[in-house]
Every structure is written in structure tokens, then in C-alpha cells.
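Visitor: With the sequence up front, the predicted model follows.
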Amino acid sequence: MKRLIFPLLALVLLLSACGTLDLNAPLPVYETGADPEAWALVPAGDFLSGQHNDPVRIDYGFKIMVTDVTVTQYAAFLNHALADGTLRINPDQVVGFYPGDEFHGVKHEIEITAADYVYVPLDDPAARFTFDGTPFTARPGYENHPMTDLSWFGAWGYCGYYGYRLPTELEWEKAARGSEDDRPFPWGYEIARNNANFYASRDPFEAMGTFGSRTSPVGFYNGRTYDGYTTLDSISPYGLYDMAGNVWQWTGDVYEGQHYRYMRGGSKDTYEMDLRIWVRNNATPTYYSPGVGFRCVRNP
Amino acid sequence: MQFVKDRLKYLFGSTKGLILVASAMIALETAIFGLLSGPMAEFGVRDFVVRVLRMDLVQAEREGRIIILYHSIAMAVVAIETYMITGLLKMREFYKAAVRVLITIGYLMAMIFGMGFAYWGHNWALHGLYIAGLTLIFFAGVLLAIALWPWNKDAYQPDKAFSRTKKGVDMERVAFFATAVTTLISAGFGAIPGSFFGNGFEAFLAENILRYPEKTTMEYSIIGHLHIMLALIAIMITLIVGHWLNFKGILHKIAMPLIILGTIVLNVGVWGVVTPLEPVAHMIIYVGATPAMLGALMLVIFGWQKLIREGVAGVEKPTFLQKLAALVRDPLKFGPLWQMVFMNFTVSGIGILMAVRLDEIFRVWPAREERIELTGHWHVLAAIIATIILMYYGDMIGLKGRVRKLYGWAIIILSDIAFASVTLFEMKRLFISEASQQPLVNTVMLLMDFGLGMLLVVLAMVMVWRLVDLFKTKGRWTEEQGQDDLSAEVR
């Protein structure tokens, strides 16, 4: 019998890896007070860019959303854009037109031609909206969470639809860091578990033993206490929420010789090192994930 | 005073003592700094360690810290390999002593002062001493290459059972020499850009710049350096294991030229990344890696045949099961060769799979997923090399009977559980979505941490045992003190 103990334990352990997950397990619902319709002004001027603090000047001011675009906001966009014919439904996807990028034939570059591309998948069990032929609606509890599971095209299309655009990487960085110092995080120099939603940060939305990490409502880390869980006020110098953690944010740069699109900010699924302001991530523009969202910028 | 003097003489004056010190230093460093990452960070252990040890971890300097951490551990591993080479191969006493003195002082300086600089504030005197340590290691390497000069008639191979030229030049020694010389040249590919970037204090990790379509020469040099140094450490340990197992015969005669050719071509390919050869550098690297790996395969075939032959000696018609039992009878002899085979599933095979499915993986996956795969596979390779060293060390200190079996099988099983789990973790995106991955991640992380954690416990037990032994008047250390022949067993 003793001989069987270790193999049995190993078998149980391996079987536990194959268990099914309730991706829509109940989640706590909190009103954070953050207004997803609000914008913050980032004035023209110098700031320190990157890990090595290179002085950079952005010689124009711009406004950036105070929070990530929420599921409610994106569902409204899908309903409007489908109704007016901007978007179409393929069997398993919402698609929209993209005019394509200049192709340079660089090693590993994939050509992005003018065509319809996926905005959001309709068959992804991790989607935070419902759609069954009726209007798109946020899943209960996720109304004020960042919109995820959307491609770069989906983020680009949303901003363009309303006359905005995605931030460039430099704009994003300046908005996150401000222009006063070389802080690695939007709120300062150190990070604590209750500064942001990152991997195993023990926030009320995660259960690492089962479904893992989930998004938190936009503006959650504002210094309030929610059912005994106290957050630190983690706004950026310009008053933005969630510029570190929760979801990676698509940025708008299209670089010569690359099909990759870049993301900033780290997410609920990454360690805190990826929440540092200068850290970059990238993926093909059709990539979508439960850990990727976006926000837009516009002229002042 | 004599008590301390005798122990120091053993620890720094004998081959086994030197290997013990370097192993203990690696174990200590791994134990302390391993607490800063992985699951320990999630459990809050990291914060505790940082507070208790008063570390100064500036966020913007994480990459620089990690670079120094990698280097300080790697230098101790290089020192262990050097002790083994100087213990196993014939060379003039002066060179042997000089190489050992230089590399010992060098790696200890690199390790102690490097880590002091990286983790406890920026005292530039410590940085200078760290660089001085690395420099001493380089000079030790130069002396080692001189000592290994294969065309010295004293070093000719008289036995025709081994790979040799018609004149008697020992091809195995040529392989050691080629690996030592190319290691020295390849070190320059790290040192030069290291000075360049270090001058502006702009440290970066290669895995973070891999998707840049345009890289500078210095960036290419760094990427080439880290790949080739690990490959060369792996080739060197293969040669050491071959010497230890008395690799000879027809397979030896085929393997040595293959390893020499492979090593040189592999290096030329890697050096080519900073030349106009860059567009075809990968092809040259594949061309070089293939014969080098074939040479290692010859060693595995020879070693396993030998183990089976010795294990079934006296049995007239051994069955398959008897042969299998003979093969795995001694885990410390079977293990290093098995780890070389296992490496193909967890390192080389992964690389090939990734290359084959390029359109599905690297061009689509987020960069962070690619980074997991890249860092995972080379951590596994580095750890495999460490396990091979540990098994050889177990043999050279004369572990016997049940302890030998337990020690050997613990290393093999625990490390392979961990490496297989790392591989599953790296490749998970091929078979599971991000939303559904957590149970799988939890399981493989648990297996990974269990495997590596228990492996460290085994290592700690050996270190404690050796530490206790040092306090005995007639401990093992007294017998090991005079043994230059690494295979000499303690009675």
C-alpha cells in the first residue's frame, strides 16, 4: 500500500490540472466612484522616458481617458457600430475594416492588408459580455470592469469610431509617469499588493486555487476600503487609474517592419516587474486575451 | 589555529575541497536569492528577506541585478569545471596551481562583491572588485588554454583506443582546448558590449529585446554571448563526463572530431551575428550544433553500452529486463547520460518545435509568452548541467550503497519532474487558453517547486554532511585531501 501512495498522489495532482473551471464564477460587485467618461489633460512638455530616463519632449497637449474603456462602454459601441453597418458579424466574430499597413518584408513581419479583421470573438467563454442576437450587454458584475478579449483592431476601431485614437507609447508613458520625476510606477517608487491588480496580489477578485486572477473594476485602487479590503490610492500624476496592472493596454504605434502592436502597463496576470512604466509587451494585432484592454486619447 | 589551517588547506588546496567550496557557494547563493522570485515572492517571503537582509532593490535596476546574479553563479560553475579539467587532464603543475588560484580568487570576488554591489546599494568599489574578479577568471582561462595545448608531445595519447591523430595528438585534448579557447573569445562578446552598455548604466535582458526588428551590433553581441557561453559550458561538461567514464573506442574516435568541428562552427555562427554573416548565422549555428550533439550521442551510446556490459557480466544470455536493470543500477553513472538525453525533450526539442511552428507561435503569441519559453528553456539547460555536476560530485566523493542510489535517483527524478513541468508551463499556450489555464499552472508550478525545492534540500543535506565532516579529526576530508585523481574513492 505504501508503494501506491506516491503514484496515487501524483495521479490526483495531475487530474487536478484537468478540472473544469467556472469562468463566470460569482464575483464581488463594487462601485468605485471612478467615471469612465472622464478625461484628463496631459500638457505639452518634457518628461523622462523609459528605464534609463531619457529626456523626451511631447510638444502638444492631449487628453486621455481617466479609466480603461469598460465593458458597458464597449457593448454600447458594438451595438451602435453594428446598427450603422460599421461592423459586421461573421459566424464567430465581430469584424471591422482596417485599411492595412505598409509592408516592408522584414524578417518575421506579417503583412497586414486592407481587409476585415476581428474586433471581438463571439465564441470565447472568457468574454465579459453576452450576445445572442439581441444587443450586446455586459455580464452582470462586469459592467464597470475594463473591456477585455478584444483585438488591437477592436481597440483601434472603438477609438476611431468616436473620433479619438489609441495613445502612442510615448503618450501613454508620459500619462502614466507625469513629468516631475523618474518613478517606476504611476503612484511612486514602491509597489504594494494593494496598489494594483497583478498576479497573486490577493485582491478580492482572484482565487489562485481555481480560476486565477480576474480584472477589477476600473478605478478600484483609489484608497477606499471594500468589504474590509483596503486599497491604496494609486492614481498617476495626471489623475489616471489603472495605469499599472489590471489589464495590458493596447497602444497605437505601427512600427516600420513589424506587424506587432505594443501594450503597456502589465496586467492581473503578470508579476509586478511588468507593471513598471517602461515595460513593453506586444502581440499580433488579432490577438485577444482576458488580460488586455485599452483606453483612448483625443485632442484637448 | 592548526584546526583551521588544516581545513583551509583541504578546502582550497585539493580538487575535491575546491569543488566543495564552489558548490557550497552556489547552494548558498541559490538558497538566498531564490527566495526573491517565484512562489516565494507570492508567499511574502521575498519582502521578509529583503527587510531582514536590508537589501536595496531599486525597481529600475532589476535587470542589472539579474545579470550580475547570473554571472556570479555561472562563474562558480565555470570554476568547478575548471577544477575538474585541471584534476583530470595531464598538465604542468605550475599551470594547474596558477589556474586554480586565479579562478578561485576570481569567482569568489565576482560572487561576493558582485552580489554586494547588485543587492546592497551601489558601492562602486564593490563593482570594481567584481570586474577584477571576472578579469582574474579570464586570465585563469588563458592559462588553462595554454596548459591544454594539445601539440605538446608530453600530452600525446599513446593508447590507440582513443581518438588521436597519426602522430598521436590527443583529439579529446584538442576538444578541451578548442572549447577553452572559444570560451575565451566568446567571453569578449559579453565583455565588450558589457563595458559599452555599463558605461551608460543601461542594462537590459536579451529576452526583452528579441522582437526588435533592428538590433545594434552590441545587442546582437549580448544575445550571441549568452547563448554560446551556456552551450560551451554544456560542451565542456560533456567532455568531462566522457573523460570520467573513460570514453574510448570507435565511438570516441567518431565523437571527438564531431565535437571539435561542432564547437568551432557553432562559435563561428554565434560570432557571425555581429558581422555581415548575420543573415545566415542561424544556419551556421544549426550546422555546428548538429555534430556537437551527435558527439554527445556517441558518448551516451558508449556509456550505456558500458553500463549494460558491466552490469550483466557473468550472465550468459541476458534478457532485456536484465540489461535494463544493469543500465539503471548505478544512478550516478546512468544519470548524467540520461540528463543529456532528457535535455533533448526539454531544451533542443522545444527549440525545434518552436521553429517549426513559427507562424503559430512567435509571430502571434504575446512577447511575454515568448519570454517565458526562452527563459524557461535556458534555465532548464543550466539546471541540467548543474545536476550532472552534482552526480559527478556524488561519485567523486565516494557515495556508496543505499545513499548513492537515493542521492542519484533523487537528483534524476526530482529534477526531471521540475524540468518536465517547466516545459509544460512554457508550451501551455499550444493546448490551453489563458482563461482556463490556472489549474494547469497551479499543478505544474507545484511540481516545479517541489522538484527544485527537494533538489535543493538534497544539496543542502550533502553540504551539511560535508560541513559536519570538516569538524571531524579523521573525516572524509583528510582522505580526499591528497587525491588528485577524481575517481579515487574514499574507503
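Guide: Great, that's in hand.

Visitor: which stretches of the stretch 51-200 of chain A form helices?
Guide: Taking DSSP state H, counting those that start in this stretch to define them, one finds helices in the stretch 51-200 of chain A at A:71-83, A:152-161, A:169-177.

Visitor: for chain A, what are the nearby residues on the stretch 51-200 of chain B?
Guide: For the stretch 51-200 of chain B, the contact set with chain A under CB under 8 Å from any CB of the partner chain comprises B:59-60, B:62-63, B:200. In short, each C-beta sits where N, CA and C put it, glycine included.

Visitor: Now secondary structure too, for those residues, in CSV please.
Guide: Shown next, in CSV, are those (DSSP: H, G, I helix; E, B strand; the rest coil):
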residue, secondary structure
B:59, helix
B:60, helix
B:62, helix
B:63, helix
B:200, coil
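
Visitor: Adding mean neighbour count, distance to chain B and mean pLDDT as columns, could you present the helices of the stretch 51-200 of chain A in TSV?
Guide: Below are those laid out as TSV (neighbours: other CB atoms under 10 Å in any protein chain shown; distance: least, CB to the nearest CB, whole Å; pLDDT from 0 to 100):
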stretch	mean neighbour count	distance to chain B	mean pLDDT
helix A:71-83	20	15	97
helix A:152-161	24	11	98
helix A:169-177	24	12	98
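
Visitor: so where's the stretch 51-200 of chain B uncertain?
Guide: In the prediction, the stretch 51-200 of chain B carries no residues with pLDDT under 70.

Visitor: again, only this time at 90
Guide: For the stretch 51-200 of chain B, the stretches with pLDDT under 90 are B:121-122, B:194-200.

Visitor: Up against chain A, what does the stretch 201-350 of chain B have?
Guide: Residues of the stretch 201-350 of chain B lying near chain A (CB under 8 Å from any CB): B:201-202, B:204, B:208, B:211, B:213-214.

Visitor: Neighbour count added to these, as TSV?
Guide: As requested, these are exported to TSV (neighbours: other CB atoms under 10 Å in any protein chain shown):
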residue	neighbour count
B:201	11
B:202	14
B:204	15
B:208	17
B:211	20
B:213	14
B:214	10
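
Visitor: Can you list which of the residues you listed are found in strands?
Guide: Within those, no residue falls in strands by DSSP state E.

Visitor: pLDDT-wise, what's the bottom of those?
Guide: Of all those, residue B:201 carries the smallest pLDDT score, 74.

Visitor: ok, which stretches of the stretch 101-250 of chain A are strands?
Guide: A:115-121, A:129-130, A:137-138, A:225-226, A:229-230, A:248-250 (DSSP state E, counting those that start in this stretch).

Visitor: Nearest residue to residue B:318 in space, ignoring adjacent ones along the chain?
Guide: Excluding its sequence neighbours, the residue lying closest to residue B:318 (CB to CB, 6 or more residues apart in numbering or on different chains) is residue B:312, at 3.9 Å.

Visitor: for residue A:281, helix, strand, or coil?
Guide: strand.

Visitor: just checking, it touches residue A:249?
Guide: No. The pair residue A:281 / residue A:249 is not scored as a contact, 9.8 Å apart, by CB atoms under 8 Å.

Visitor: which residues do these two both contact?
Guide: Common neighbours of residue A:281 and residue A:249, using CB atoms under 8 Å, 6 or more residues apart in numbering or on different chains, are A:263-264.

Visitor: how about the nearest residue to residue A:76, chain neighbours excluded?
Guide: Nearest non-adjacent residue to residue A:76 (CB to CB, 6+ apart): residue A:136, at 7.9 Å.

Visitor: ok, that neighbour touching residue A:79?
Guide: Yes. Counting by CB under 8 Å, residue A:136 touches residue A:79, with 5.4 Å between them.

Visitor: residues near residue B:410, how many?
Guide: Residue B:410 has 18 neighbours, counted by other CB atoms under 10 Å in any protein chain shown.

Visitor: Next, it: secondary structure please.
Guide: Quick answer, by three-state DSSP: residue B:410 is helix.

Visitor: List the contacts of residue B:24.
Guide: So residue B:24 contacts B:463, B:466-467 (CB under 8 Å, 6+ apart).

Visitor: Pick out the most distant pair among the residues of the stretch 201-350 of chain B next to chain A.
Guide: For those, the maximum inter-member distance is 25.7 Å, found between B:201 and B:213 (CB to CB).

Visitor: what's the helix or strand for residue B:358?
Guide: Counting by DSSP states H and E, no helix or strand carries residue B:358.

Visitor: Find the nearest non-adjacent residue to it, please.
Guide: Distance criterion CB to CB, 6+ apart; nearest residue to residue B:358, sequence neighbours excluded, is residue A:108 at 7.8 Å.

Visitor: is it true that the one you found touches residue B:210?
Guide: No. Counting by CB under 8 Å, residue A:108 stays clear of residue B:210, with 10.1 Å between them.

Visitor: From the residues of the stretch 51-200 of chain B next to chain A, list the buried ones, please.
Guide: Taking 16 or more other CB atoms under 10 Å in any protein chain shown as the criterion, what is buried in those is B:59-60, B:62.

Visitor: Contacts only, for residue A:131.
Guide: So residue A:131 contacts A:78, A:122, A:137 (CB under 8 Å, 6+ apart).

Visitor: Roughly how far does it sit from chain B?
Guide: When CB to the nearest CB, to the nearest Å is the yardstick, residue A:131 and chain B sit 17 Å from each other.

Visitor: ok, now residue A:102?
Guide: Applying CB to the nearest CB, the value for residue A:102 to chain B is 14 Å.

Visitor: which residues in the stretch 251-400 of chain B form helices?
Guide: B:278-311, B:320-327, B:331-343, B:349-356, B:367-396.

Visitor: Mind putting the ones you listed into CSV with mean pLDDT, mean neighbour count and distance to residue A:212?
Guide: Listed next are those as CSV, based on pLDDT from 0 to 100; neighbours: other CB atoms under 10 Å in any protein chain shown; distance: least, CB to CB, whole Å:
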stretch, mean pLDDT, mean neighbour count, distance to residue A:212
helix B:278-311, 93, 18, 36
helix B:320-327, 96, 14, 42
helix B:331-343, 95, 22, 30
helix B:349-356, 77, 14, 24
helix B:367-396, 92, 21, 16
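
Visitor: And the residue nearest to the spatial centre of chain B, how close does it get to chain A?
Guide: Residue closest to the mean C-alpha point of chain B, counted by CA atoms, centre = their mean, is residue B:385 at 3.8 Å. Using CB to the nearest CB, residue B:385 is found at 26 Å from chain A.

Visitor: contacting residues for that residue?
Guide: B:77, B:230, B:233-234, B:237.

Visitor: ditto for residue A:208
Guide: A:200, B:438, B:442.

Visitor: Setting aside sequence neighbours, what's the nearest residue to residue 106?
Guide: Answering for chain A, as no chain was given. Setting aside the residues directly before and after it, residue A:106 is nearest to residue A:257 in space (CB to CB, 6+ apart), at 3.5 Å.

Visitor: Actually, chain B is the one I wanted.
Guide: The shortest distance from residue B:106 to any residue other than its chain neighbours is 3.3 Å, reached at residue B:136 (CB to CB, 6+ apart).

Visitor: can you count the residues close to that neighbour?
Guide: Residues lying near residue B:136 (other CB under 10 Å) number 21.

Visitor: ok, the closest residue to chain A within the stretch 151-300 of chain B to residue B:333 distance?
Guide: Residue nearest to chain A within the stretch 151-300 of chain B (CB to the nearest CB): residue B:213, separated by 4.4 Å. Plainly put, residue B:213 is 48 Å away from residue B:333 if you go by CB to CB, to the nearest Å.

Visitor: What's the local residue count around the nearest residue to residue A:247 once chain neighbours are set aside?
Guide: Nearest residue to residue A:247, sequence neighbours excluded (CB to CB, 6+ apart): residue A:293, at 3.7 Å. By other CB under 10 Å, the residues close to residue A:293 number 30.
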